[in-house]
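*Asks:* sequence? don't have it. structure:
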């Protein structure tokens, strides 16, 4: 038993430590096809090589969220195996498209530590970077998790809380090299609404819903080599339920947002994210979005739009996020704040 | 909410109008592998590049029905989002194989309109064409659906009912360029029965059965970017059931027909099709075929065989299609009339 | 009905007969991606082209067990359609990696026959070989099954029981051309334990568990074109359960064994295997391994390790295989004896 990975505990992390996560992964056409089978993904730039080429790219890249899932999945054995809670994301940046044939690996630096007052747990902040086979960063993000202590007598580390942006500025975003929306084909993309048609504060109900299935969330989570027991093993939780990987809900909500945001083609930044309530098989998920901000970019024809993407249980009222107590409503599953690129 | 697609209503269609459907799709090895995971597909020409090359093709194409599903899926947001019923298919022709790497898009022309006497619905006929990245047609078919009116006061259009063939003639079929069955390997194909061994009127019980699962029909339907809510959202129908996409049953029955029709390699034409009864998860599907016609072709070693493919619930008697009242029996799911190509 | 395959019965086999199995199959990136979706597979050599190249291979091959499943699946219509029981495996050798783009076919020679004393069944031994498009063998194994007689009056054949090795010797193993573990990256592989760290008799509990789903085992079994009715048709068995393909349990257990055996990268030989108890949807599977033997090889940095891989139902005690009666315990699903290649 000594040969299996027990995971790291709070006292095992040191600020400044760099962790090279295991199991590099080559992604190709198969992962692209599976992404279309697992999510109702229709953004044209990820569906068609021709459409991507007409936007100045060499071909259709892997979906941004698929790239995120691969990079994230590698961190699980080192960061969240003994995590009590996934507390937040910040400063997520998509730096380079992931092309079929690329091999990805992940590296994390510990950038913050804070032991909780109960002495039993602590918060660990890591900045994770995904790299391709040329050692070029493809994406990066900060995540913080609450982790158990194994040795309750281990001394508390010096508290370091990183200074994180509440949201990226548009100048923090990386626009893929060559991206050009001046010849954008709105008919093939599926909707006529351009960047200029969206107003800050506007709420969009994405209408469609998908009922969650055990086989589907497990196929998805496994595909990204995320090994957290709680997603796969019905004997792990006392209630016999398998908790659905939060990233599955992100991908599902993002795909559902096509209906009303078909031209929010590429994700450029993740400002913050919260898995407000757990999701289980049998639930039907719907989504709504709110426009939070808009900005111009230097790329030809390319605007940036900052969106709040909310996944809810079917029946929830679009636009309603929190109760009078300031807490997320019980039918809210996800609250994600991100920047997307859209034709102006 | 104004930004989401409400779909078209009966009064929105005009005869002669051409609709370019959105979201082109590149298909590749991943879609081929998924087709083999989703259906018990064993026709050798779609399983092996070597076998396809020995039949004169450059490599193994995407399964004909997969090509159909991609082309069909694109039409859903424009044609059948507000459809009450999918009434029929005719004049389906497979014009060119779809190769891994091809990018498909769909275009439909409205060729018929007839308002129903109740004034609330009407029938819309469209001729849909799937095109590849060289703008070459890969397949085409006529479909007619019953669509709701939104504005009941909209005037009824002039009735135009297109003149459709009840079945294609063998001379209407396109044989893939280079196809040559003179060196056909019956051992590798899995059965010894050639075109000459089948007699008109013969009924073949395909014996095998597959039980339907929610995750499988949703993965399949999503893969083709078919977005009809009724297939995915358990809260959509009052009975809480997800209606299975009719094309899922077509692909399943066609794959099951391998056992007895292993040499009916390629589908060349769809004469007509009816989804006789709805299919839901938990049902076990079996299939039988009836030989309707046979014809010679100009291609070396290639015969054409016209088949009725019937999908039924397990327990149904092979060969029994309709009751004394002329209606489909309750355990019949699909009645499909098609032309296949077979070694003579 | 005469056109469907009734399968072979015991009296249809002759010692020395060679059966060319039908439906060659091209495997590519899609099958690789699906293998990662279906199993928690993380062995780095099958996950990353870069890692495989650093081990001296041209790229990442298809998982060994995926290659086995494709080769095995083709034999089902000819060998086990009327089998009462799958009795055992022996002398399984992986002779050459299977690369994306390869086309596989299977050939079996009947090497043994023994009618049972009841006169109703008999045992058939076959040696199956999988071949690629260059007619090079990629793997081979012996399997024996109990098959029903159709004609009970058919005379019993001369009894021929092949002389099979209880386990392969290390010199029987084929090491892939070029394999070199001298520059092996243990960090990227995910564990620090090398060949020298394992002792004969050591038992490793792989800790993780996966709950079985109908959709997942059917997708997997179908992907390998294994058509045995009992896996797909809920109306086939009187109890309405679908028996899970034994190979699904092998792949699942092998993938789970990453946690503790991450460096047992390649499977080189299958010494024996028993499906101790049937597996059905809803069960949670865990795994443990026992080190049976170790040997050096001629390849640079490459050691061989002989392992017993045991799949059990969650709750079973690791290391417990048989009861006092010598029979497998009821919560044991699989007992597999194999050789793997590991960095020294």
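*Replies:* Received it, and whenever you're ready, just let me know what you need. Treat the numbers as computed from the prediction; the structure is a model and nothing was measured.

*Asks:* can you report phi and psi for residue A:78?
*Replies:* phi -100, psi -20 (degrees, to the nearest 10).

*Asks:* tell me what the nearest residue to it once chain neighbours are set aside is bridged to.
*Replies:* Leaving out its chain neighbours, the residue that sits closest to residue A:78 by Cβ to Cβ, 6 or more residues apart in numbering or on different chains is residue A:19, at 5.2 Å. Using the backbone N, CA and C atoms, a C-beta is placed for each residue, glycine as well. For residue A:19, the beta-bridge partners are residue A:108 (DSSP bridges).

*Asks:* residue A:19 is in contact with residue A:124, isn't it?
*Replies:* No - contact between residue A:19 and residue A:124 fails when scored by Cβ atoms under 8 Å: they sit 10.8 Å apart.

*Asks:* more neighbours: the two, which one.
*Replies:* Using other Cβ atoms under 10 Å in any protein chain shown as the criterion, residue A:19 and residue A:124 rank with residue A:124 on top: 27 against 18.

*Asks:* from residue A:319, how far out is residue A:325?
*Replies:* Separation of residue A:325 from residue A:319 (Cβ to Cβ, to the nearest Å): 18 Å.

*Asks:* try residue A:170
*Replies:* 25 Å.

*Asks:* these two: who's more crowded?
*Replies:* A direct count of neighbours by other Cβ under 10 Å for residue A:170 and residue A:319 places residue A:170 higher, at 20 against 12.

*Asks:* ok, and the closest non-adjacent residue to the more buried one?
*Replies:* The nearest residue in space to residue A:170 (Cβ to Cβ, 6+ apart) is residue A:295, at 3.7 Å.

*Asks:* can you map out the helices along the stretch 151-300 of chain A?
*Replies:* Per DSSP state H, counting those that start in this stretch, the stretch 151-300 of chain A carries helices over the ranges A:186-189, A:214-223, A:246-256, A:258-261.

*Asks:* among those helices, which is nearest residue B:12?
*Replies:* With Cβ to Cβ, the closest approach to residue B:12 among those belongs to helix A:186-189: 16.3 Å.

*Asks:* is chain B contacted by the closest one?
*Replies:* Yes - under the criterion of Cβ under 8 Å from any Cβ of the partner chain, chain B is reached by helix A:186-189 at A:187-189.

*Asks:* and which of those is nearest to residue C:10?
*Replies:* Nearest to residue C:10 among the residues of helix A:186-189 next to chain B: residue A:188, at 60.1 Å, using Cβ to Cβ.

*Asks:* thinking again about what came up before, and chain C, which of the helices of the stretch 151-300 of chain A is closest to it?
*Replies:* helix A:214-223 (3.7 Å; Cβ to the nearest Cβ).

*Asks:* domain ranges for chain A?
*Replies:* Per automatic domain parsing, the domain ranges recorded for chain A read A:1-27+A:62-164, A:167-344.

*Asks:* how about CSV for those domains, with distance to residue B:120 and mean pLDDT added?
*Replies:* Listed next are the domains of chain A as CSV, based on distance: least, Cβ to Cβ, whole Å; pLDDT from 0 to 100:
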stretch, distance to residue B:120, mean pLDDT
domain A:1-27+A:62-164, 41, 95
domain A:167-344, 23, 97
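
*Asks:* for residue C:33, which of the ones you listed is the nearest?
*Replies:* In terms of Cβ to Cβ, the element of the domains of chain A nearest to residue C:33 is domain A:167-344, at 7.1 Å.

*Asks:* what's near enough to touch residue A:143?
*Replies:* A:72, A:75, A:79, A:86, A:88-89, A:125-126, A:128 (Cβ atoms under 8 Å, 6 or more residues apart in numbering or on different chains).

*Asks:* the helices of the stretch 151-300 of chain A into JSON lines, with extra columns for mean neighbour count and distance to residue B:284?
*Replies:* Output for the helices of the stretch 151-300 of chain A, formatted as JSON lines (neighbours: other Cβ atoms under 10 Å in any protein chain shown; distance: least, Cβ to Cβ, whole Å):
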{"stretch": "helix A:186-189", "mean neighbour count": "18", "distance to residue B:284": "40"}
{"stretch": "helix A:214-223", "mean neighbour count": "25", "distance to residue B:284": "18"}
{"stretch": "helix A:246-256", "mean neighbour count": "25", "distance to residue B:284": "29"}
{"stretch": "helix A:258-261", "mean neighbour count": "26", "distance to residue B:284": "34"}
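
*Asks:* helix, strand or coil for residue A:69?
*Replies:* At residue A:69 the chain is in helix, as set by DSSP: H, G, I helix; E, B strand; the rest coil.

*Asks:* and the stretch 1-150 of chain A, which residues reach chain B?
*Replies:* For the stretch 1-150 of chain A, the contact set with chain B under Cβ under 8 Å from any Cβ comprises A:28-34, A:36-42, A:44, A:47-51, A:60.

*Asks:* please check those residues and keep the buried ones.
*Replies:* A:28-34, A:36-42, A:44, A:47-51, A:60 (16 or more other Cβ atoms under 10 Å in any protein chain shown).

*Asks:* counting neighbours, what do you get for the residue of the stretch 51-200 of chain A found nearest chain B?
*Replies:* Of the stretch 51-200 of chain A, the residue with the smallest distance to chain B, taken as Cβ to the nearest Cβ, is residue A:190 at 3.4 Å. Residue A:190: 22 surrounding residues under other Cβ under 10 Å.

*Asks:* the closest residue in space to it that isn't next to it in sequence: neighbouring residues, count only.
*Replies:* Among residues not flanking residue A:190 along the chain, residue B:22 sits closest, at 3.4 Å (Cβ to Cβ, 6+ apart). Applying other Cβ under 10 Å, we find 24 residues neighbouring residue B:22.

*Asks:* one more: residue A:298?
*Replies:* 8.

*Asks:* might one say that it is in contact with residue A:175?
*Replies:* Yes - under the criterion of Cβ under 8 Å, residue A:298 makes contact with residue A:175 at 7.2 Å.

*Asks:* so residue A:145: helix, strand or coil?
*Replies:* Residue A:145 ends up strand, using three-state DSSP.

*Asks:* give the bridge partners for it, please.
*Replies:* residue A:86, residue A:124.

*Asks:* list the buried residues for stretch A:61-78?
*Replies:* A:61-78.

*Asks:* got it, and stretch A:296-304?
*Replies:* Those would be A:297, A:299, A:301-304, for stretch A:296-304 by 16+ other Cβ under 10 Å.

*Asks:* can that stretch be found next to chain B?
*Replies:* No - Stretch A:296-304 does not reach chain B (Cβ under 8 Å from any Cβ); its nearest approach is 15.7 Å.

*Asks:* and residue A:276, what does it touch?
*Replies:* A:328-329, A:332-335.

*Asks:* filter the buried residues of stretch A:296-304 down to the ones in strands?
*Replies:* Among these, the subset assigned to strands under DSSP state E consists of A:302-304.

*Asks:* now those in JSON lines, with distance to residue B:151?
*Replies:* Below are those laid out as JSON lines (distance: Cβ to Cβ, whole Å):
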{"residue": "A:302", "distance to residue B:151": "39"}
{"residue": "A:303", "distance to residue B:151": "35"}
{"residue": "A:304", "distance to residue B:151": "39"}
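
*Asks:* could I get these as a markdown table with distance to chain C?
*Replies:* Below are those laid out as a markdown table (distance: Cβ to the nearest Cβ, whole Å):
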| residue | distance to chain C |
| --- | --- |
| A:302 | 31 |
| A:303 | 34 |
| A:304 | 32 |
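
*Asks:* and of those, the nearest to chain B?
*Replies:* residue A:303 (15.7 Å).

*Asks:* now the closest one. Nearest residue, chain neighbours left out?
*Replies:* That would be residue A:195: by Cβ to Cβ, 6+ apart, it lies 3.4 Å from residue A:303.

*Asks:* name the element the single nearest residue of chain A relative to chain B belongs to?
*Replies:* Chain B sits closest to residue A:33 of chain A, with a gap of 2.6 Å, by Cβ to the nearest Cβ. Following DSSP states H and E, one finds residue A:33 within helix A:29-38.
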